[in-house]
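Colleague: mind folding the following:
(one chain, ligands or ions: 2)
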Amino acid sequence: MEDSLPLHVCHVQTLSIFINRSHALLHSIGLAFLVYYRTSFLFQDQDPNTKATPLFLPWLLVFASELLLSFTWLVDQAFRWRPVTRTVFPERLPEDDKLPAIDVFICTTDPDKEPTVEVMNTVLSAMALDYPPEKLHVYLSDDGGSPITLHGMKEAWSFARWWLPFCRKYRLKTRSPEAYYSAVSKDDDEGSGSSEFMIERQKIKERYEMFKESIREVRGRLLDPVHGSGITARDHPSLIEVIQDKSNDRVQVDQVKTPLLIYVSREKRPSHSHHFKAGALNVLQRVSCMISNSPYILVLDCDMYCNDPTSARRAMCFHLDSKFLHSLAFVQFPQRFHNISKNDIYDSQLRCVFSVLWQGADGLQGPFLSGTGFYIKRVSLCGGSSIQDIDLGELKHSFGSSNELIKSLHGSYKPYVINDQYGLLEETHLLASCTYENDTKWGKEVGFLYNSVLEDYFTGFTLHCKGWISVYCDPLRPQFLGSGTTNLNDFLIQGMRWSSGLVEVSFSKFCPLIYGPTRMSIFESLCYAQLAFHPISYFLSLWCFATIPQLCLLNDIPLYPKPFPNIYKRFFQLEDHSKHGEMNKGYG
Ligand SMILES: O=c1ccn([C@@H]2O[C@H](COP(=O)(O)OP(=O)(O)O[C@H]3O[C@H](CO)[C@@H](O)[C@H](O)[C@H]3O)[C@@H](O)[C@H]2O)c(=O)[nH]1
Ligand SMILES: [Mn+2]
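Modeller: Numbering: from 1, shown residues only. Ligands and ions are numbered 1, 2, ... in the order given. Below is the predicted model:
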C-alpha cells in the first residue's frame with residue numbers, strides 16, 4: 001500500500017495560522033500593557049491624602065480576574081496554533097472483502113426521555129451504513145432494561161429487511177427513515193424521479209408507519225401495570241439477545257444481507273455503581289468480544305443517527321493508512337444537531353468546538369474524544385498490542401476472570417457467532433454482570449474510564465497521554481446528526497455535568513498541566529488544560545466582572561485608564577459651549 005495513492009491528505013491552514021499568530025502577538029502586547037498598568041498602580045507610592053484603601057480591593061480582584069482570563073486566553077492559543085483540515089479518498093480503499101469488521105455501540109437508557117422510535121432510527125441508520133453487512137455488527141445497550149426497547153429492536157430488525165434493500169438499491173443518502181420521510185430530506189437520490197421508485201418509496205413508507213404503530217401499541221400495553229414485570233431501570237438482571245427473524249415476511253426478503261443486531265441490557269443493582277455511559281460501553285466492549293470482536297468500534301448516542309452512510313469508509317481511510325496503523329486510536333467526526341434553530345445565539349450547536357477547536361487540536365496530536373460519532377480501535381482501549389507479552393495472572397487481574405475474554409484479546413481469536421448460542425450467552429451474562437469489574441482494572445486503566453463523569457474527555461486524554469493520536473474528519477455533509485438541548489433545564493443539567501467533569505479532572509492528579517506535558521506534546525496538553533480550567537476561570541472572573549466595575553462606577557472609583565483624555569475634554573467642552581450658544585465664538 002506504500003506506493004499506492006494516499007487514502008487521505010492533510011491541508012495545513014496557512015492563512016488561518018498567519019492570522020491567528022499575528023492576532024496572538026498583538027493581543028499579547030495589549031495584555032502586557034494591561035499588566036504593566038495594574039502592577040504599576042498596585043506598587044505605586046500611596047498618597048496619604050487619597051483614600052487608597054477602598055481602591056485596593058476592587059483593583060486587586062479585577063486584576064486577578066484579568067490575569068485568570070489572560071491565562072485562559074494564552075492557553076487557548078494552542079488550539080489556534082496549527083489548524084488543519086483533511087480530505088479522504090474512500091474510493092481508494094481495498095476491496096470489500098479486505099475491509100476490517102466494525103462493531104457499532106449505541107447507548108440508550110430511558111424510553112421516556114429517549115423515544116424508542118428515535119432510538120430505532122439511530123439503530124436502522126447504523127445498520128444501513130455503506131459497509132459490507134457481514135462486517136457490521138450493531139449493539140444497543142439498554143440501561144433501562146426496558147421491554148419496550150427490546151420489542152423496538154425486534155421490530156426494527158424486521159423493518160430493516162425492507163429498509164436496507166431500498167437504501168442500497170437507490171443509494172439513499174439519508175438512511176434514518178424518520179429523517180428520510182420527513183420534509184427535511186430533499187436528497188437527489190439515484191432514480192428518485194422514476195415511478196418504480198415512487199411506488200417502492202410509498203410501500204416502504206407504509207411499512208415504516210406500521211413499524212411505528214407497533215412500537216406505540218406495545219408501549220401503551222407495557223405501561224399498563226397488569227403487564228408490569230417488576231423490572232426497574234436501576235434494578236434488573238442482564239438480558240442479551242441476538243435479534244433474529246421471526247416475521248412472516250421471509251418470502252420476499254430472505255436473501256437480504258443484514259448486519260448482526262444485538263440487544264444488551266447489563267445487570268444493574270442499587271448496591272453497585274453503574275458508572276453511567278462509560279459502564280455501559282465497557283459492558284458492550286466485553287460482550288461484543290464474545291460475539292464479533294471487531295477490531296474497530298463506532299460509538300453513537302441513541303439520539304445521534306448516521307446522516308450519511310459513508311462515514312465508516314471515510315474512517316477506514318485513516319485507520320488503514322500504514323503510517324497510522326500503530327499510532328491512531330480514533331477518528332472523530334463532529335457532533336451536528338438537527339433540532340437547533342438557525343438563529344441560535346447561544347451556540348447550542350457547539351460550533352466553536354467542532355468548527356474551530358477540534359481543527360486546531362487535529363494539527364497537534366488530535367481532537368478530543370467527543371462521546372459520540374467516533375471510530376475507535378479496540379486495542380487502544382485494552383492497553384495496546386503489548387498485552388500479547390503479559391502473563392495470564394496479570395491479564396486476569398486487569399480484565400477479570402473470564403478466560404474467553406482473555407482469549408479474545410489475542411488477535412487470532414475467532415469469536416463464535418450465532419450457531420453455538422448457549423455457551424456464548426452464559427459467558428456474556430457473566431461479562432455483563434454488575435460484579436464482573438470488581439477488583440479489575442476496568443474503568444481505571446482498561447476501557448472507558450470512570451474517574452470523571454465526562455468519560456469521553458478523560459478517556460481521550462489518557463489515550464493521548466499513552467502516545468496514541470487521533471484525527472478529525474469533518475466532511476461538508478454532516479455524517480451524524482443528533483438532538484441538542486433546547487430548553488433551559490436540560491441545558492443547565494448538561495452544562496453542570498460537563499463542568500463538574502472537567503473540574504474533577506483539573507483538581508486530580510490527572511491535571512492536564514501537570515500530568516500532560518511529560519506524556520504528550522506540550523501544545524496538546526495546553527488544549528486539554530484550556531478545557532479543564534475554563535469552568536473555574538470563567539466562573540470566578542465573570543462573577544467579579546459582573547459586580548465590581550458596576551459597584552465602582554456607582555462609588556466613583558476609577559478602575560480603567562481614561563482613553564484619549566484630551567479628545568474627551570474637547571468633546572465635553574464642545575458640548576458645553578454649544579449648550580450655551582457659544583459654538584461660533586469658541587470653535588468656529
Ligand atoms: O447511565 C447512562 C447515562 C447515559 N447513557 C447514554 O449516554 C448517552 C449520552 O447521554 P446524554 O444524557 O444524552 O448526555 P449528553 O450531555 O447529551 O451527552 C454528551 O455528553 C456525554 C458526556 O457527559 C457524552 O458521553 C455524549 O456522547 C455527549 O453527546 C445517551 O445515549 C444515553 O442514553 C447511558 O447509556 N447510560
Ligand atoms: Mn444527548
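
Colleague: got a list of what the one residue in the stretch 101-250 of the chain that gets nearest to ligand 1 touches?
Modeller: Sorted by distance to ligand 1 under C-beta to the nearest ligand atom, the residues of the stretch 101-250 of the chain start with C107, at 3.3 Å. (Glycine included, C-beta is placed from N, CA and C.) By C-beta atoms under 8 Å, 6 or more residues apart in numbering, the contact list for C107 reads L140, S141, D143, K277, A280, L281, L284, V299, L300, D301, C302.

Colleague: before we move on, which element is it in?
Modeller: Per DSSP states H and E: C107 is located in strand 102-108.

Colleague: what does the stretch 401-550 of the chain put close to ligand 1?
Modeller: L454, D456, Q494, R497 (C-beta under 6 Å from any ligand atom).

Colleague: next, count neighbours for L430.
Modeller: Neighbour count for L430, taken as other C-beta atoms under 10 Å: 20.

Colleague: look up how far G152 lies from P111.
Modeller: Per C-beta to C-beta, to the nearest Å, P111 is found 8 Å from G152.

Colleague: the more surrounded of the two?
Modeller: G152 (29 against 23).

Colleague: what's the helix or strand C527 falls within packed up against?
Modeller: Assigned by DSSP H and E, C527 falls within helix 522-554. Applying 3 or more C-beta pairs under 8 Å, 6 or more residues apart in numbering; DSSP states H and E, we find helix 522-554 packed against helix 52-76, helix 358-362, helix 455-465, helix 488-506, helix 512-515.

Colleague: now do that helix, average pLDDT.
Modeller: Confidence for helix 522-554, expressed as mean pLDDT, is 94.

Colleague: residue of the stretch 401-550 of the chain closest to ligand 1, please.
Modeller: Q494 (4.4 Å).

Colleague: same deal with the chain?
Modeller: G371 (2.0 Å).

Colleague: that residue: what secondary structure?
Modeller: Secondary structure, DSSP: H, G, I helix; E, B strand; the rest coil: G371 is coil.

Colleague: do the one 4 residues further on as well
Modeller: Counting by three-state DSSP, the backbone at Y375 sits in strand.

Colleague: chain neighbours aside, what residue packs nearest to it?
Modeller: Once flanking residues are discounted, Y375 sits nearest to A315: 3.7 Å by C-beta to C-beta, 6 or more residues apart in numbering.

Colleague: mean confidence score for the host helix or strand of the one you found?
Modeller: Using DSSP H and E, A315 sits within helix 311-319. Per-residue pLDDT over helix 311-319 has a mean of 98.

Colleague: packing partners of it?
Modeller: Contacts defined by 3+ C-beta pairs under 8 Å, 6+ apart place helix 311-319 against strand 84-88, strand 296-301, strand 328-332, strand 374-377.

Colleague: please redo it, this time with the cut-off set to 10 Å
Modeller: strand 8-12, strand 84-88, strand 102-108, strand 296-301, strand 328-332, strand 374-377, strand 469-472 (3 or more C-beta pairs under 10 Å, 6 or more residues apart in numbering; DSSP states H and E).

Colleague: can I get the ones you listed in CSV with distance to V446 and mean pLDDT?
Modeller: Converted to CSV, the helices and strands packed on helix 311-319 look like this (distance: least, C-beta to C-beta, whole Å; pLDDT from 0 to 100):
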stretch, distance to V446, mean pLDDT
strand 8-12, 30, 97
strand 84-88, 30, 97
strand 102-108, 16, 98
strand 296-301, 14, 98
strand 328-332, 14, 98
strand 374-377, 14, 98
strand 469-472, 19, 98
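
Colleague: who in the stretch 51-200 of the chain is up against ligand 1?
Modeller: Within the stretch 51-200 of the chain, the positions near ligand 1 by C-beta under 6 Å from any ligand atom are C107, T108, T109, E114, S141, D143.

Colleague: any idea how far W543 is from the closest residue to the fifth one other than its chain neighbours?
Modeller: Closest residue in space to S141, ignoring its immediate chain neighbours: A280 at 4.3 Å, by C-beta to C-beta, 6+ apart. A280 sits 37 Å away from W543, taking C-beta to C-beta as the criterion.

Colleague: filter the residues of the stretch 51-200 of the chain next to ligand 1 down to the buried ones, ChimeraX style.
Modeller: Buried members of these, defined by 16 or more other C-beta atoms under 10 Å, are picked up in ChimeraX with:
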select :107,108,109,114,141,143
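
Colleague: my read: F197 touches R171, true?
Modeller: No. Using C-beta atoms under 10 Å as the test, F197 is too far from R171 to be in contact (11.4 Å).

Colleague: overlap of the contact sets of the two?
Modeller: Jointly contacting F197 and R171 under the rule C-beta atoms under 10 Å, 6 or more residues apart in numbering are D189, E190, G191.

Colleague: does K277 really touch S141, like I thought?
Modeller: Yes. Contact between K277 and S141 holds when scored by C-beta under 10 Å: they sit 8.6 Å apart.

Colleague: list the residues that contact both of these two?
Modeller: With C-beta under 10 Å, 6+ apart, K277 and S141 have common neighbours C107, T109.

Colleague: which residues of the stretch 251-400 of the chain lie near ligand 1?
Modeller: Counting by C-beta under 6 Å from any ligand atom, the stretch 251-400 of the chain sits next to ligand 1 at F276, K277, A280, D301, C302, G371, T372.

Colleague: which one of those residues is nearest to E178?
Modeller: Nearest to E178 out of these is C302 (C-beta to C-beta; 13.2 Å).

Colleague: run through the residues that contact the closest one.
Modeller: So C302 contacts 106-111, 113-116, 118-123, 140-142, 149, 372, 482-483 (C-beta under 10 Å, 6+ apart).

Colleague: and what of L57?
Modeller: Taking C-beta under 10 Å, 6+ apart, we find L57 in contact with I548, I557.

Colleague: pLDDT wise, what is it at?
Modeller: 87.

Colleague: can you pull the contacts of L350?
Modeller: P334, Q335, R336, F337, I340, L357, W358, S370, G484.

Colleague: from those, pick the one nearest P165.
Modeller: R336 (27.9 Å).

Colleague: next, count neighbours for the closest one.
Modeller: R336: 22 neighbours (other C-beta under 10 Å).

Colleague: K113 too?
Modeller: 11.

Colleague: wait, it sits on D490?
Modeller: Yes. Judged on C-beta under 10 Å, K113 makes contact with D490 at a distance of 9.4 Å.

Colleague: any idea how far A278 is from M153?
Modeller: Taking C-beta to C-beta, one finds A278 at 23 Å from M153.

Colleague: what does D308 give?
Modeller: On the measure of C-beta to C-beta, D308 and M153 end up 23 Å apart.

Colleague: likewise M198?
Modeller: Look at M198 and M153: by C-beta to C-beta, they are 30 Å apart.

Colleague: between these two, who's got more neighbours?
Modeller: More crowded of M198 and M153, by other C-beta under 10 Å: M153, with 22 against 12.

Colleague: out of the helices and strands packed on helix 522-554, flag the one nearest Y538.
Modeller: helix 52-76 (7.4 Å).

Colleague: sorry, back to before: quick one, which of F197 and R171 is more surrounded?
Modeller: Comparing F197 with R171 by other C-beta under 10 Å, the one with more neighbours is F197, at 16 against 13.

Colleague: how about low-confidence regions in the stretch 451-588 of the chain?
Modeller: The model of the stretch 451-588 of the chain has pLDDT under 70 over residues 563-588.

Colleague: for the stretch 251-400 of the chain, same thing?
Modeller: If you take pLDDT under 70 as the line, the stretch 251-400 of the chain has these spans: 251-255, 385-386, 388.

Colleague: most surrounded residue in the residues of the stretch 401-550 of the chain next to ligand 1?
Modeller: L454 leads those on contacts (other C-beta under 10 Å) with 25 neighbours.
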